[in-house]
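Asker: Got a predicted model here, sequence first, then my questions.
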Amino acid sequence: MYHIVDFLDTGDSEVVPSSWVKDGRSLWPPFKVREKCNRVVVRGDPPDESWPSHTIRIRATKTTEMQTNYPHTLEVPDVSGFPLTSLNELAKLEESIAAQGDIYRRKLVTYFGLAGGLTVKESVWRIMTKLMTNRLAKQINWRGLNGKYAFEQLVIKDVVLIRIDASNKVLVYRHIQLPGAVEDFTGQPPSKSAGGTKSEDRALYDKWRASQYALRADYLVGYFSLRRPSATKVARLIGQEGWTTNCPKAEEVVSMWKPASKQKVETDPYVHHCVAEQAWTGLAIKDFGPPKGLGVVATRNFASGDIVCDYHGNVITASEGRSIMEDLNGEAGCHPLIDTFGRRINHSSKSANVKPIRCKMTFNRKEKDIVLFKALKNITVDEELKVDYGINRKSF
């Protein structure tokens with residue numbers, strides 16, 4: 001008989017023979033070679049009393065004999081599609097988790113938890129290997145630095161972190177990062193007396209600090225990828241990270257900021273959330289009175305290049321537009337019956353301060369055309385948002 005257990009002191013999950021378990025604790029072989037551990041588990045060898053003892057929680061019990069292809073003979077949840085091979089598949093997984101809720105999330109936790117591992121690093125490596133291919137992993141890092149996809153913003157990250165103490169989060173970050181000059185921008189530099197000559201040690205120290213500085217700068221700029229931050233917000237983030245030296249000043253970060261690329265916007269989880277839930281901030285609908293009516297004003301400053309909101313209507317083809325214009329009787333049938341900021345932005349061909357950007361995003365496993373509004377210039381508080389519609393009856 002075998003038990004599937006959680007090791008409470010390490011956060012790992014393993015399959016162990018029942019003879020190894022007693023009074024809420026389990027023995028585990030101290031072998032460094034994983035295959036050797038697997039063999040003694042499969043054979044159900046009697047435990048050696050000298051093995052380390054761990055506090056455990058039993059998750060499930062299997063009464064049949066363990067087959068030689070352990071651990072794949074275990075009954076696992078009915079999930080498929082892994083490992084993921086592209087960012088599109090990753091986006092679809094995020095939607096599935098959001099749509100199916102806790103039941104599907106628990107299935108994933110169980111499925112990936114069976115990967116096991118003797119250490120946090122090994123557990124994370126096993127889970128990530130089951131989750132995605134190396135080709136996809138090269139497009140991802142923890143913070144989303146250097147134009148890569150941010151793993152920390154994904155819902156699936158909870159599956160990886162669910163059994164890892166929050167204090168070990170940096171270990172997960174280190175694993176997901178590709179090798180570089182600095183593995184962890186929160187770490188300390190090497191000693192100035194590392195064993196080499198004085199000049200060699202100093203050169204290593206300076207190179208390490210320069211790499212860490214650049215990495216921190218990329219992180220701070222990338223954190224505010226969609227909207228230009230204020231110096232106050234950047235300073236607050238630096239304070240939260242606990243960085244007092246070897247990082248750029250808040251004003252430098254603001255000056256280095258650049259708008260996110262279209263590809264990053266299309267795959268950004270925050271944009272997906274704002275589009276789906278209409279959770280845009282910094283805007284308000286204002287009644288300008290007749291004949292203008294309602295419009296949209298800014299309640300915060302927007303910088304040129306900021307993503308302001310989305311239109312949240314149906315994107316149609318030119319032929320569909322002609323058909324609608326021919327049958328138009330006062331109301332446009334392409335608009336959904338919902339009042340959003342994007343639909344209330346008024347037209348101006350001469351003083352437009354936002355422009356539409358057509359993007360493709362995946363919702364409920366279906367790719368949809370989405371129109372986002374991007375600031376053409378700096379927009380101040382109480383300033384009305386205006387866009388050039390670009391189409392009228394003469395356009396057809």
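Answerer: Received it, and whenever you're ready, just let me know what you need. Numbers count the residues shown, from 1 in each chain.
Asker: got the domain boundaries for this protein?
Answerer: Per the record, the chain has its domains at 1-75, 198-258, 263-395, by automatic domain parsing.
Asker: now the second one, how far from the chain's geometric center?
Answerer: Right, domain 198-258. Domain 198-258 sits 21 Å away from the centroid of its parent chain (Cα atoms, centre = their mean, to the nearest Å).
Asker: coming back round to it: please tabulate the domains of the chain in CSV, including the columns mean pLDDT.
Answerer: Below are those laid out as CSV (pLDDT from 0 to 100):
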stretch, mean pLDDT
domain 1-75, 76
domain 198-258, 82
domain 263-395, 82
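Asker: now those domains in JSON lines, with mean neighbour count and distance to A91?
Answerer: All C-beta spots, glycine's among them, are computed from the backbone N, C-alpha and C. Listed next are the domains of the chain as JSON lines, based on neighbours: other Cβ atoms under 10 Å; distance: least, Cβ to Cβ, whole Å:
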{"stretch": "domain 1-75", "mean neighbour count": "15", "distance to A91": "28"}
{"stretch": "domain 198-258", "mean neighbour count": "16", "distance to A91": "17"}
{"stretch": "domain 263-395", "mean neighbour count": "15", "distance to A91": "5"}
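Asker: Look up the pLDDT of V120 for me, please.
Answerer: Note for V120: predicted pLDDT of 62.
Asker: what are the ranges of the helices in this structure?
Answerer: 34-43, 87-113, 120-131, 134-137, 157-161, 169-176, 198-223, 231-241, 250-256, 262-267, 269-277, 318-326, 341-344 (DSSP state H).
Asker: what sits against the closest residue in space to W243 that isn't next to it in sequence?
Answerer: Closest residue to W243 apart from its sequence neighbours, by Cβ to Cβ, 6 or more residues apart in numbering: R216 at 6.7 Å. Neighbour list for R216: 185, 243, 246-248 [criterion: Cβ atoms under 8 Å, 6 or more residues apart in numbering].
Asker: In these, find the pair that's most separated.
Answerer: With distances taken as Cβ to Cβ, the most widely separated pair in the contacts of R216 is F185 and P248, at 12.0 Å.
Asker: Out of the helices of the chain, which is closest to V308?
Answerer: Closest approach to V308 among the helices of the chain is made by helix 341-344 (8.0 Å; Cβ to Cβ).
Asker: That closest one - contacts with which helices or strands?
Answerer: strand 283-287, strand 294-298, strand 307-310 (3 or more Cβ pairs under 8 Å, 6 or more residues apart in numbering; DSSP states H and E).
Asker: re earlier: including distance to S19, could the helices of the chain go into CSV?
Answerer: Formatted as CSV, the helices of the chain follow (distance: least, Cβ to Cβ, whole Å):
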stretch, distance to S19
helix 34-43, 11
helix 87-113, 23
helix 120-131, 24
helix 134-137, 38
helix 157-161, 31
helix 169-176, 32
helix 198-223, 49
helix 231-241, 48
helix 250-256, 58
helix 262-267, 49
helix 269-277, 46
helix 318-326, 70
helix 341-344, 64
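Asker: H312: which of these is closest?
Answerer: It's helix 341-344; of these, that one is closest to H312 (Cβ to Cβ) at 5.1 Å.
Asker: Just confirm V354 contacts N378, I think it does.
Answerer: No. Using Cβ atoms under 8 Å, V354 is not in contact with N378; the gap is 11.7 Å.
Asker: check contacts around T340.
Answerer: 278, 309-312.
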